[in-house]
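**Q** Give me coordinates for this.
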Amino acid sequence: MLISLQWLREFVPYTGTVQALADRLTMQGLEVEAILDPFESISAIVVGRVLECDAHPDSDHLHVCSVDVGAGEALQIVCGAPNVAKGQLVPVARIGAVMPDGMQIKKGKLRGVASHGMICSERELGLSEDHSGIMVLPDSLTPGVLLVDALGLEREVLEVSITPNRADCLSVLGIAREAALGFGLPLSMPKLNLIEDVSAGHAAEAVRLEIADPELCPVYRARVLTGASIKPSPAWMRHRLLAVGQRPINNIVDVTNYILMELGQPLHSFDRGLLKGGVIRVAPATPDMKGGMAITTLDGQERKLLASDLLIWDAERPVALAGVMGGANSSISDASTEVVLECAIFRPGTIRKTARRLALPSEASYRFERGVDQVGSVFALERAAQLMAETSGARVMAGVAVAEPKPWVDREQIFRIAKCNALLGLELSPEFCRVTLTGLGCHVDDSDPVCWRVASPPHRLDLEREVDLFEECGRVHGLDRIPAVLPKISKSLDSAQTSDTVFGFLQALKGWAAGAGLREAINYSFVGADDLDRLNLPEEGRIRIANPLSEDQNTLRTEIAPGLLNNVRHNLSQGNGSLRLFEIAKAFREDAASDTGACENSRLGILVHGPRHAQEWPWEQGEADYLDVKGLVENLLTHLRLGPAGFVLDPGHPYLEPCVRVELAGKNGVALIGRIGRVQPKIADAYHARKDVWLADLDADLLRELSRAVKPAFVSLPKFPPVRRDVTIICPADLRAEQVEAAIRELKPKNLESLVLVAVYAPEDKADAKPERNLTFRLTYRHADRTLVDKEVDKEHGKVLAGLPQKLPVRI
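**A** Predicted coordinates:
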């Protein structure tokens, strides 16, 4: 955004340097990237007076001129312009000057006559496209003065980087507000002196306005002018537009661009004579026009339209792409005499989609995409009508045609000074906060000294929450003046790395996973709806992304599996078939009871696939299976001191088959901490996996909660030797080992230190008998204070041998 310092001074009485202004704006969050001189390329051009103008002795169209360029110096210059004449004041490029097109002026001869410079046209100076003759300057100027000073050209221009949330700063007025706030200066608006001509008619009778959808266009206003003369704009307006990067066209179009840069309000002018039926209607393209509807825009290009495009219509056809660009079928031409000047507000998202789809960015769409001041549009329309009347000689019809189905409603937030200071780390006074908020244009109700009511101004669409007001107070105070102070904490900084914090616990999980030989995967939270459908996950609870980066990232993941399975596909495509991955991330679901409308849950995903070991001698090869992923889960639970878990078959899972529930018994009953299982072969095949893919999906939030309840206790190292006894049972094939373990522990044998399953043998099934298998358990006995003797161990072990068949259908 280019801002002229001279233009800005018409709004605020700023007398400082341009560098001081740039520094202050930057510290207020508006980064000034450069300070430019837009007319630097003609800074060597001077004013000259033509003293003599004689015909060239050897040409019928050249003139030999004697030109006074100040300090008593007269240059002989050969000029071919047909309008050069004695006594004129003209711009002169002396020898050594470099023109805007890069040409350097040198001494030379034209048809044998020496020439010591060049008299310039406006086109050669880059001031307009006029090259019919030389530029003739006002008689009041003095020879020898630099042209840029003589014309009052604006040579100090700020290039400001405006962030997307600060649409209010996309104008001279917006930057002037910031300067007034930063330097404590008053802000003044241009004076309105619009004269209406009742005899010319009434705007509301000349044009009828209609809005199909108030959500797409909350307000549309129009002024009507008659008797306009289309011609070049005054020099001051053309030069000012050039200074901020705008190309002058004619007085009507230039006024709309002038208001755009000055007040930030996009406007558009229609030739009233080209509008059918005296109607302007704002409505989307209709479905029955699908496929065959198009509009030719002002750039001469034909644009195909979709039903989602918002259009401006007359009684018969579209005449403009709303908020983007006008149509050629209603544009202002040199023959136009009646003008309809429109000023409207459009929904940002609609304009953004149309502009991007058509690759048609414009200054107008750039502002509509970010939001425009609905209340300020009234002043912008009046000022534009006044400038058009002054520059074109037009008469302004009485009144304004208005359609406003959705008037502006003030937005109000609370403001608590104590919370503001707590968040900023400052001690701002109530008076400073009141002055700052008032300077922003807010209405402050401080009747309650603790909790103020603050109404944000309509031009600050970004002030939506209390913290936005806090940010403004900190910004105006000066972000560079906020002291660097360490936060007050009740513990040492080392505690930030412990599992007492969420961050510390998740870091501990990552440390365990790395130690277990797993590699971390980091995936986007966004997945495609197809990814969730492929896993047979329900649509209920999904959260769609409003403006997705692409269709394969249009939904927040509801489970952690899609990202890990996509990692499988990518690794296999790169020739890596042995995978041991983990990911710690959030899963999301809709939750109407939540303030945000969503529920977030941290998950730990573990995936194993392919060979268990690298293909190097002497490792025995084998494919990863259920026991691998189960072992990792058991190892994690041991690491977290959560004790043995129960593993229960869970049929009917959407994408795991078989699927096993991982359960932990606690004070509040059995807690489901996750599931492990094999990804269904059909689904695995969709990810190009030809071997089994084993997956564990664990609730990291619940694991943290359970681990926090565990109180670590010191246990001394054993001093006395253990006594081990093995027991083999014959049991039904569907009897789980954990059921046997639980039964043995219920018998409460004394001095039992550990109980582990050491062997499983499944003999061939007999046709006339139920399937059975052999399970061998190793029981370790140890006394803390003495060495056990066989007699007492045999006694306790005998309880197990006798009691186990009574509790379960087993044989010893």
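**Q** The residue nearest to Val136 when sequence neighbours are not counted - how many residues pack around it?
**A** Leaving out its chain neighbours, the residue that sits closest to Val136 by Cβ to Cβ, 6 or more residues apart in numbering is Gln88, at 5.4 Å. All C-beta spots, glycine's among them, are computed from the backbone N, C-alpha and C. By other Cβ atoms under 10 Å, 19 other residues sit near Gln88.
**Q** So Gln88 is in contact with Val50, correct?
**A** Yes: the criterion here is Cβ atoms under 8 Å, and Gln88 meets it with Val50 at 4.8 Å.
**Q** Can you check the pLDDT for the residue nearest to Val136?
**A** As predicted, Gln88 sits at a pLDDT of 94.
**Q** go on, Gly425?
**A** On pLDDT, Gly425 comes in at 88.
**Q** go on, the one 5 residues further on?
**A** The pLDDT attached to Pro430 in the predicted structure is 94.
**Q** just the one 5 residues further on next, same as before
**A** Looking at Val435, its pLDDT is 94.
**Q** could you check the distance from Val693 over to His570?
**A** Taking Cβ to Cβ, to the nearest Å as the measure, Val693 falls 14 Å from His570.
**Q** which of those two has more neighbours?
**A** Neighbour comparison, Val693 and His570: the larger count goes to Val693, with 27 against 13 (by other Cβ under 10 Å).
**Q** Dihedrals phi and psi, that one?
**A** With angles defined as degrees, to the nearest 10, Val693 sits at phi -110, psi 120.
**Q** surely it meets Arg678?
**A** Yes: using Cβ under 8 Å, Val693 is in contact with Arg678, at 6.8 Å.
**Q** excluding its backbone neighbours, what's nearest Phe588?
**A** The shortest distance from Phe588 to any non-neighbouring residue, by Cβ to Cβ, 6+ apart, is to Leu556 (4.0 Å).
**Q** in the stretch 151-300 of the chain, which spans are helices?
**A** In the stretch 151-300 of the chain, the segments counted as helices under DSSP state H, counting those that start in this stretch are 172-183, 203-206, 235-243, 251-263.
**Q** My error: substitute the stretch 301-450 of the chain in the last question.
**A** With DSSP H, counting those that start in this stretch as the criterion, the stretch 301-450 of the chain has helices spanning 348-357, 363-370, 377-392, 417-424, 430-439.
**Q** try the stretch 1-150 of the chain
**A** Using DSSP H, counting those that start in this stretch, the helices of the stretch 1-150 of the chain run over residues 5-8, 18-27, 122-125, 147-150.
**Q** Reformat these as JSON lines; add mean neighbour count, distance to Arg544 and mean pLDDT.
**A** Listed next are these as JSON lines, based on neighbours: other Cβ atoms under 10 Å; distance: least, Cβ to Cβ, whole Å; pLDDT from 0 to 100:
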{"stretch": "helix 5-8", "mean neighbour count": "20", "distance to Arg544": "44", "mean pLDDT": "96"}
{"stretch": "helix 18-27", "mean neighbour count": "17", "distance to Arg544": "39", "mean pLDDT": "94"}
{"stretch": "helix 122-125", "mean neighbour count": "18", "distance to Arg544": "55", "mean pLDDT": "93"}
{"stretch": "helix 147-150", "mean neighbour count": "20", "distance to Arg544": "56", "mean pLDDT": "94"}
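**Q** and of the ones you listed, who's closest to Pro186?
**A** helix 5-8 (13.6 Å; Cβ to Cβ).
**Q** low pLDDT regions in the stretch 351-500 of the chain?
**A** The stretch 351-500 of the chain contains residues with pLDDT under 70 at 487-500.
**Q** what's the answer for the stretch 601-750 of the chain, then?
**A** Counting by pLDDT under 70, the ranges of the stretch 601-750 of the chain that qualify are 614-620.
**Q** 80 instead, please
**A** Counting by pLDDT under 80, the ranges of the stretch 601-750 of the chain that qualify are 613-621, 643, 665-669, 711-715.
**Q** can you map out the helices along it?
**A** Counting by DSSP H, counting those that start in this stretch, the helices of the stretch 601-750 of the chain are 626-639, 681-686, 700-708, 737-746.
**Q** for the stretch 451-600 of the chain, what spans make up the helices?
**A** For the stretch 451-600 of the chain, helices defined by DSSP H, counting those that start in this stretch occupy the ranges 466-477, 502-515, 529-534, 561-573.
**Q** Would you indicate which residues of the shortest one are buried?
**A** Of the residues in helix 529-534, those with enough neighbours to count as buried (16 or more other Cβ atoms under 10 Å) are Ala529, Asp531, Leu532, Arg534.
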